[in-house]
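J.: Got a sequence here, can you model it:
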Amino acid sequence: AAAQVGTFAPLLECEVTKEEVRELAALFGLPNWANPSGACLSSRFPYGQKITREGLDRVAAAEEFLRGLGFTQIRVRHHEGLLARIEVLPSELPRFLENGLHERVHDELRRIGFTYVTLDLRGYRTGSMNEAIGRTV
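T.: I've put the predicted structure just below:
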């Protein structure tokens, strides 16, 4: 799709690998050189749901907040503007029940603009939004 609209990808054209990008970022002292790879924020929305600037900002703020709490691999899935479905590594699920962290997360995501805040009990997994494809209720 990017090629169809004439997007220029200089690193791709120069055959620079993801590992080389990380090495260069570390060499230049960029703070995000070791961050886990992340999919486009639009992947946090169910198929067919309208994606808005406000929704993207809400997801970005929620994920930044959770990263600030020390969660390493996270996704905040945005369902119909009301519900935030949080995915973290399965090994990090118990942290939500420690020292009232679940209340702190709930309050912050409500402040960000979500009405309901949920924790996905299966934890983080790529492609979780694809699970609903072809399912009927």
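J.: From now on I want contacts and neighbour counts done on CA atoms only, so please keep to that.
T.: Noted.
J.: I'd like to know which elements the helix ranked longest in the chain is packed against.
T.: When the chain is scanned for its longest helix (criterion: DSSP state H), the result is helix 53-68. Under the contact definition 3 or more Cα pairs under 8 Å, 6 or more residues apart in numbering; DSSP states H and E, helix 53-68 sits against strand 74-79, helix 101-112.
J.: quick one, that helix and helix 101-112 angle?
T.: If you take axes from the mean of the first three to the mean of the last three Cα atoms, to 10 degrees, helix 53-68 sits at 150 degrees to helix 101-112.
J.: quick one: the strands in the protein?
T.: Under the criterion DSSP state E, the chain contains strands at 74-79, 83-88, 116-119.
J.: among those, which is nearest residue 34?
T.: Residue 34 lies closest, by Cα to Cα, to one member of the strands of the chain: strand 74-79, at 15.0 Å.
J.: Name every strand pairing with the closest one and say which way it goes.
T.: Paired strands of strand 74-79, with direction, are strand 83-88 (antiparallel) (DSSP bridges).
J.: Pull the helix or strand of the chain with the lowest mean pLDDT out as CSV, backbone CA atoms only.
T.: When the helices and strands of the chain are scored by mean pLDDT, DSSP states H and E, helix 10-13 comes last with a mean of 82. What follows is helix 10-13, C-alpha atoms only, in CSV (Å, rounded to 0.1, in the frame of the first residue of the first chain):
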residue,chain,number,x,y,z
PRO,A,10,15.2,5.0,2.4
LEU,A,11,16.2,2.3,5.0
LEU,A,12,14.4,-0.4,3.0
GLU,A,13,16.0,0.8,-0.2
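J.: For the chain, give me the ranges with low pLDDT.
T.: Applying pLDDT under 70 to the chain picks out residues 1-2, 134-137.
J.: Go ahead and flag the most central residue of the protein.
T.: residue 75 (3.4 Å; Cα atoms, centre = their mean).
J.: so it makes contact with residue 124?
T.: Yes. Counting by Cα atoms under 8 Å, residue 75 does reach residue 124; the two are 6.9 Å apart.
J.: tell me, what's touching these two both at once?
T.: 87-88 (Cα atoms under 8 Å, 6 or more residues apart in numbering).
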